[in-house]
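>>> based on what follows, work out the 3D shape:
(chains A and B)
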Amino acid sequence: MNLYLWLFFGIWIIGWWLNSILSKKYNSNLIRFFVPTFFGIIFLMMWELIVLGLNINPVLLPAPTAIGSKFIEEIPTLWIDFTQTLIKGALSGYILGCGSAFIIAILIDKFDFLKRGLLPLGNFVSALPIVGMAPIFVMWFGFDWESKCAVVVVMVFFPMLVNTVQGLSIIDKSRQDLMKTYSASYLQTLFKLRLPSALPFVFNGLKICSTLALIGAIVAEFFGSPIKGMGFRISSEVGRFALDMVWAEIFVAALAGCLFYGFIALMEKQFTFWHPSQQK
Amino acid sequence: MKFFNLIYSLFFRSNFFPIVFILTVIGIFWYLIAIPMNTEKVERKFKNLNSTEKIIQSWNLEKPKLPTPHQIVKEIVNTVFFKKISSKRSLVYHGWITLEATLAGFFLGTVLGILLALGIVHNKAMDLSLMPWVIASQTVPILAIAPMIIVVMNSVGVTGLLPKAIISMYLSFFPVVVGMVKGLRSPDQIQIDQMRTWSASSNQLLWKLRFPSSVPYLFASLKVGIAASLVGAIVGELPSGAIAGLGARMLAGTYYGQTIMIWSALFAAAFLAAFLVITINFIQNYTLKKMAILT
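Numbers count the residues shown, from 1 in each chain, chains lettered A, B, ... in the order given. This next block holds a predicted model:
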């Protein structure tokens, strides 16, 4: 047993002890923020120490500090990959897919027949491994971001459609009657009553789709891409056993995923402040 | 009269007729769009065709840009029923390899997820430290790690089923944790108080109240989890370089421009996903009926 391993167990026990005391004694917002952050820091330290202590080959598991320095060193490359995959591929596909699903949901909402046909199919399609469409789209639209965009569109379309249709089909009879007594037109009822009350479902769809979009854009690059992009970098650097670079890319993906999700959650808070789930 | 009622409910009450209608529309659209997409190849291959012949040829090319449904069905029937199961050309062989990894990973992920959920519900320190990370990890594209896990495990000497199963485990694990934590916490305070007045131990509280009331949540997560497992197993087959499995089949199809092969693998994956979800649905309905939650 060397020093690093002793430190590893020491930090583990101290961290465990401190967190269990903290979480038992106090219950404020500060603790709610502090405990998980502390856990994260302890986890990173333990990772670093076990890599040092057991002399783990960096080809298998690089230490967090190595990943961090690689991240800072390679920021220009990471930025190129980020714009290629996440901005051009994922974001464009996300906007196109969610937007078209939203509009189509409003259109088919008028026809009960279409709704009854599309909802079960949409639910079914949501469970399918759509990522498998990636090679086909790469063949159709070429290696560049257009094919990734197409994969993302197909991936996000049905979850978004199903959620929006479900949101629109929640009908509060008394509110609709009230709109009728105001002699509101279809469009007025749609914009002033039904769309706002469907918003919690719409945002739920947007949240689910944000992860799907990232996955679609990255995995589609495994099937063919130009010599940039996160999926390309991950698969090629894995082949060269440069795992610190792979972890740096994963860190970028995780950060982007969290930030985007947080952004949508913030918008949700702004637009659906009236919903019970948003009130404390 | 009974027969008439059945027909009536199929057409007007249930979703049967609308679904068939939409599938028909998709089918017609598919055949129509296949014509312009494949004409280029038809014109390159055949000269002097009239338009009817061109259309028929565009639906029956060997390596079309968009294969038609009947070509895909033919390929699936051919590779499922007319090849030896052990042959590398058999879709059953590839499907089985993917299914094995999916089920192994799903099982591991479910067990691990339930254990972690129990820990989170019973230990406040674990709850406060882990739960935010579990939720945050849902927003991260975990699938991006797949090639790394495969290659690293290969270099340690672990090959075959296990690396893929680990990716599947990883993907099915999070829905189960989130669902089970919700489920184990779903009993009302009144019910918990009632258990306390009977001086139930925390073990009894778990097995007689918390666990039974979490079962519907468990099944909902299992359905999400098994679909994710399948995706994990398929993506896990990509970096190992197209050896066996449905993902490998798709990759091989991309390499050799065999579009019909890609589509048949895709359809096979879809059938597999449907089969798995329906199986869980069936078990769910049976269990919930036995537990008298669903009547």
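
>>> excluding chain neighbours, what is closest to the residue of the stretch 1-150 of chain B found nearest chain A?
Minimum separation of the stretch 1-150 of chain B from chain A (CB to the nearest CB) falls at B:Pro18, amounting to 3.0 Å. Using the backbone N, CA and C atoms, a C-beta is placed for each residue, glycine as well. Of all residues not flanking B:Pro18 in the chain, A:Gly117 sits nearest, at 3.0 Å (CB to CB, 6 or more residues apart in numbering or on different chains).

>>> how about the helix or strand harbouring the one you found, which residues are buried there?
In this structure, A:Gly117 sits in helix A:112-126 according to DSSP states H and E. Within helix A:112-126, the residues that count as buried by 16 or more other CB atoms under 10 Å in any protein chain shown are A:Leu114, A:Lys115, A:Arg116, A:Gly117, A:Leu118, A:Leu119, A:Pro120, A:Leu121, A:Gly122, A:Phe124, A:Val125, A:Ser126.

>>> before we move on, what about stretch B:154-169?
B:Pro163, B:Lys164, B:Ala165, B:Ile166, B:Ile167, B:Ser168, B:Met169.

>>> residues touching the last one, list them.
Shown in contact with B:Met169 (CB atoms under 8 Å, 6 or more residues apart in numbering or on different chains): B:Ala104, B:Gly105, B:Phe106, B:Leu108, B:Gly109, B:Leu112, B:Ser229, B:Gly232.

>>> anything in stretch A:56-64 near chain B?
Yes. Counting by CB under 8 Å from any CB of the partner chain, chain B has neighbours in stretch A:56-64: A:Val59, A:Leu60, A:Leu61.

>>> can you tell me the closest non-neighbouring residue to the residue positioned nearest the centre of chain A?
When CA atoms, centre = their mean is applied to chain A, the residue found nearest the centroid is A:Thr211 (2.5 Å). Nearest in space to A:Thr211, with sequence neighbours left out and distances taken as CB to CB, 6+ apart, is B:Thr139 at 5.7 Å.

>>> any regions of chain A where pLDDT drops low?
A:1, A:26-27, A:277-280 (pLDDT under 70).

>>> quick one: the helices in it?
A:3-25, A:29-53, A:64-73, A:75-81, A:92-108, A:112-126, A:134-141, A:145-168, A:173-181, A:186-189, A:195-222, A:230-239, A:243-271 (DSSP state H).

>>> out of those helices, nearest to B:Trp96?
Closest to B:Trp96 of the helices of chain A is helix A:134-141 (CB to CB; 21.5 Å).

>>> quick check: buried residues in the helix or strand hosting B:Val151?
Using DSSP H and E, B:Val151 sits within helix B:146-156. By neighbour count on 16+ other CB under 10 Å, the buried set for helix B:146-156 is B:Ala146, B:Pro147, B:Met148, B:Ile149, B:Ile150, B:Val151, B:Val152, B:Met153.

>>> identify, from those residues, the entry nearest to A:Phe251.
Using CB to CB, those come closest to A:Phe251 at B:Met148, 12.6 Å.

>>> doesn't A:Leu86 make contact with A:Glu221?
No. A:Glu221 lies out of contact with A:Leu86 (CB atoms under 8 Å); the separation is 11.2 Å.

>>> check contacts around B:Phe46.
Counted by CB under 8 Å, 6+ apart, B:Phe46 has contacts B:Glu53, B:Lys54, B:Gln57.

>>> of those, buried ones?
For those, buried by 16+ other CB under 10 Å: B:Gln57.

>>> phi, psi for A:Gly142 please.
Per-residue torsions, A:Gly142: phi 90, psi 180 (degrees, to the nearest 10).

>>> which bits of the stretch 151-295 of chain B sit near chain A?
Close to chain A, as judged by CB under 8 Å from any CB, the stretch 151-295 of chain B has residues B:151-152, B:155-156, B:223, B:227, B:230-231, B:234-235, B:238-239, B:246-247, B:250-251, B:253-254, B:257, B:259, B:262-263, B:265-266, B:269-270, B:273-274, B:277.

>>> quick one, which of the residues you listed are buried?
B:151-152, B:223, B:227, B:230-231, B:234-235, B:238-239, B:246-247, B:250-251, B:253-254, B:259, B:262-263, B:265-266, B:269-270, B:273, B:277.

>>> which residues touch the spatially closest residue to B:Thr39 that is not a sequence neighbour?
Sequence neighbours aside, B:Ser58 is the residue nearest to B:Thr39 in space, at 5.8 Å (criterion: CB to CB, 6+ apart). Neighbouring residues of B:Ser58 by CB under 8 Å, 6+ apart: B:Ala34, B:Ile35, B:Met37, B:Asn38, B:Thr39, B:Lys41, B:Val42, B:Pro64.

>>> and with 6 Å instead?
B:Ile35, B:Asn38, B:Thr39, B:Val42 (CB atoms under 6 Å, 6 or more residues apart in numbering or on different chains).

>>> rebuild those residues as a markdown table, extending it with secondary structure.
Formatted as a markdown table, the contacts of B:Ser58 follow (DSSP: H, G, I helix; E, B strand; the rest coil):
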| residue | secondary structure |
| --- | --- |
| B:Ile35 | helix |
| B:Asn38 | helix |
| B:Thr39 | helix |
| B:Val42 | helix |
